[in-house]
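# Pasting the sequence and the predicted coordinates here, then a few questions.
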Amino acid sequence: ELELRHQRQWERLSTSRDKDLLSFQETKSVASRCEQDLEVVIGWQREATSRLDAVEVGRRELTEAIQGATAASQVAVEGLSGRLQELAEQHATEIASESASLKALLVEETACFRSSFDERLAAETAEVNAEMRQAVRRADIAASA
């Protein structure tokens, strides 16, 4: 009977050992898969870090390019502003010169018109005066007769 107990106990222990061995093998297999998955995740993380680094480098380069373009456009705007100021001053000078020329021409034309008008007026006045003298003479002749 003792031997039978030992035999049963041995069988229980053997069965328990077999279950424990199966459980250990499953746990080892799960751990192995987890290690593989972890290696894949670490690879993804490295790749993502690499991409983020590349994005950061691109961002810095883009920022520098934008700053350069901004500086260049500011220089261009300042240059254009200076040129526009020069053109405005040149245009104002040309307008002033043209205005002076037109004023001189107007003064000259006015003087010519006045001279012509004065000549016509003098001629017409002389004509009217002559007609009035004749009319006065005729009236004197008519009155004396």
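Noted; the coordinates are in hand.
# so how many other residues sit close to residue 98?
10 (other CB atoms under 10 Å). (Glycine included, C-beta is placed from N, CA and C.)
# shift numbering so it begins at 54
Happy to do that; since the first residue is 54 now, the last one works out to residue 151.
# mean confidence score for the helix or strand harbouring it?
Here residue 151 sits within helix 55-197, counting by DSSP states H and E. Average pLDDT, helix 55-197: 93.
# And it, how far out from the chain middle?
0 Å (CA atoms, centre = their mean, to the nearest Å).
# Determine the set of other helices and strands touching it.
Contacting helix 55-197 under the criterion 3 or more CB pairs under 8 Å, 6 or more residues apart in numbering; DSSP states H and E is no other helix or strand.
# Tell me the spacing between the residue nearest the centre of the chain and residue 99.
Taking CA atoms, centre = their mean, the centroid of the chain lies closest to residue 126, which sits 8.8 Å from it. Relative to residue 99, residue 126 is positioned 40 Å away (CB to CB, to the nearest Å).
# Please apply the same query to residue 77.
32 Å.
# How about residue 128?
43 Å.
# What of residue 150?
Per CB to CB, residue 150 is found 75 Å from residue 99.
# hmm, who's touching stretch 61-70?
Here stretch 61-70 makes contact (CB atoms under 8 Å, 6 or more residues apart in numbering) with no residue beyond itself.
# Export only the CA atoms of it, formatted as PDB.
Presented in PDB, the C-alpha positions along stretch 61-70 are these (Å, rounded to 0.1, in the frame of the first residue of the first chain):
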ATOM      1  CA  ARG A  61       0.400   7.600  -7.200                       C
ATOM      2  CA  GLN A  62       2.300  10.400  -5.700                       C
ATOM      3  CA  TRP A  63       5.000   9.900  -8.200                       C
ATOM      4  CA  GLU A  64       2.400   9.900 -11.000                       C
ATOM      5  CA  ARG A  65       0.900  13.100  -9.700                       C
ATOM      6  CA  LEU A  66       4.300  14.700  -9.400                       C
ATOM      7  CA  SER A  67       5.200  13.500 -12.900                       C
ATOM      8  CA  THR A  68       1.900  14.800 -14.300                       C
ATOM      9  CA  SER A  69       2.400  18.100 -12.400                       C
ATOM     10  CA  ARG A  70       6.000  18.200 -13.800                       C
END
